[in-house]
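# Pasting the sequence and the predicted coordinates here, then a few questions.
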Amino acid sequence: MVLILFVILLCLFICYLFTFPRYTEEDDLTMLKKYQTINQDLLSIMTFNIRHDIHERDPNNNFTKRVFRLVETVEKWKPSVLSVQEPFTDQIRLWHCHLPKYYQYVGYQPMDTEDDCEDSLSKMDFRVAILYNTQILTLLEQDYIWLSKCPRTVGSKDWNSHGVRTLNIARFKLKNIENSPQILVFNTHLDVRNEQARQEQAKVIRSTIKQWQEKYPKDLVFLCGDFNTIPKQTTHQILTSSQFLYDTWTTCQTSPSTCISNSFSSSFHGWLGSIVNTYGFQLIQIILYTFRGLGVDLLYETSLRKSVIIDIVKQIWKVRRNICLSDMISLWRSHRIHVDWILYQHATDGSFHLQPKFIAVGDIRSRNYSSDHFPIIALFQIKNNS
């Protein structure tokens, strides 16, 4: 009898873990209304991994279906800047055709005009692009580099990176605002398999941002992207140590009276939707990403062969002493299992200051997804210190 009662209670507990907390599309609509209420005169930045165009198991997730949901997302949130990860050239072109005419984009353009989606090499090159609202911003400069030892070598990669990784750079001027600062936007997508590669790629990004800051000390800086790792891990620390960049979410959560945020825990959902916000999935993700940050990627080790399992156990045992339970608990409490980030920095000469006013995981759906990620959207007030 005691055993039966224990089993029942255990089942109820597991059901609870994978049912709560609920976050519905109605909750997302509430956040959208808050966003729209305060959006006037603020700069809106969105980062969104839109998922590359491949044949999906569920036809409803194919890009030809999702493109119209992506259009709907942009039309609802109306970001000034939208940093996009994983787009093939044809995806951007198709999406752009259906977007409001005032959106333009910058990114890597192949030298030829043929469909590069058929190029097997380009499929490993997770490119990035920046869309921007021409009613708000004027493009001044753009650049594009490869995250390798030779950033100007097209298609280059190093440090055993699984795929080619890139950094998209755009410099904008705000329209219709007197004495407004220029804005530097950096957009990236770090390697998905190799922790050393992610860290080295982050170092290239940091040095590149520093070069642009030295050239334009009055400019405000944004770094957006899919970093394939979560906060408090080494890659995040490389970019935020010594206050080189600030994490918008961290800043917002420390000032809840002046900055609105939601508590949705994950930006990657893998076609599971809003259920990834439940306690059970939060726990699973924290464990998986903790080991990923230590160089043990359990997400892609799908083989059940004895040799593979033994190798994984050895790797886990080797890094066991580096597991920081306090960081895991902190991420749990702060709902920060986001692999997609918006980082920022004020003008290095002190002339302009950024004040986050809103940040959220948006476009939350339980079906009919626009991508296997949810976008991150933030609002910033620009303050003139001069």
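Received, thanks.

# For the closest residue to Glu86 other than its chain neighbours, give its distance to Gly163.
Once flanking residues are discounted, Glu86 sits nearest to His52: 4.5 Å by C-beta to C-beta, 6 or more residues apart in numbering. Quick note: C-beta positions are derived from backbone N, CA and C, even for glycine. Distance of His52 to Gly163, given as C-beta to C-beta, to the nearest Å: 11 Å.

# just the strands in the protein please.
Along the chain, counting by DSSP state E, strands occupy 43-49, 81-85, 103-107, 125-126, 128-133, 137-146, 164-174, 182-189, 220-226, 246-247, 260-261, 340-345, 352-361, 376-384.

# which one of the ones you listed has the most crowded surroundings?
Per residue and on average, the most neighbours among these fall to strand 81-85, with a mean of 28 (mean count of other C-beta atoms under 10 Å).

# would a markdown table of the strands of the chain with mean pLDDT be doable?
Shown next, in a markdown table, are these (pLDDT from 0 to 100):
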| stretch | mean pLDDT |
| --- | --- |
| strand 43-49 | 98 |
| strand 81-85 | 98 |
| strand 103-107 | 94 |
| strand 125-126 | 62 |
| strand 128-133 | 97 |
| strand 137-146 | 96 |
| strand 164-174 | 96 |
| strand 182-189 | 98 |
| strand 220-226 | 99 |
| strand 246-247 | 98 |
| strand 260-261 | 96 |
| strand 340-345 | 98 |
| strand 352-361 | 97 |
| strand 376-384 | 97 |
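
# and those strands as JSON lines, adding distance to Gln196?
Putting these into JSON lines (distance: least, C-beta to C-beta, whole Å) gives the following:
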{"stretch": "strand 43-49", "distance to Gln196": "22"}
{"stretch": "strand 81-85", "distance to Gln196": "21"}
{"stretch": "strand 103-107", "distance to Gln196": "27"}
{"stretch": "strand 125-126", "distance to Gln196": "18"}
{"stretch": "strand 128-133", "distance to Gln196": "21"}
{"stretch": "strand 137-146", "distance to Gln196": "17"}
{"stretch": "strand 164-174", "distance to Gln196": "13"}
{"stretch": "strand 182-189", "distance to Gln196": "17"}
{"stretch": "strand 220-226", "distance to Gln196": "18"}
{"stretch": "strand 246-247", "distance to Gln196": "22"}
{"stretch": "strand 260-261", "distance to Gln196": "32"}
{"stretch": "strand 340-345", "distance to Gln196": "20"}
{"stretch": "strand 352-361", "distance to Gln196": "28"}
{"stretch": "strand 376-384", "distance to Gln196": "26"}
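
# So, low pLDDT: which residues of the stretch 251-386 of the chain?
Counting by pLDDT under 70, the stretch 251-386 of the chain has low-confidence residues at 299-304.
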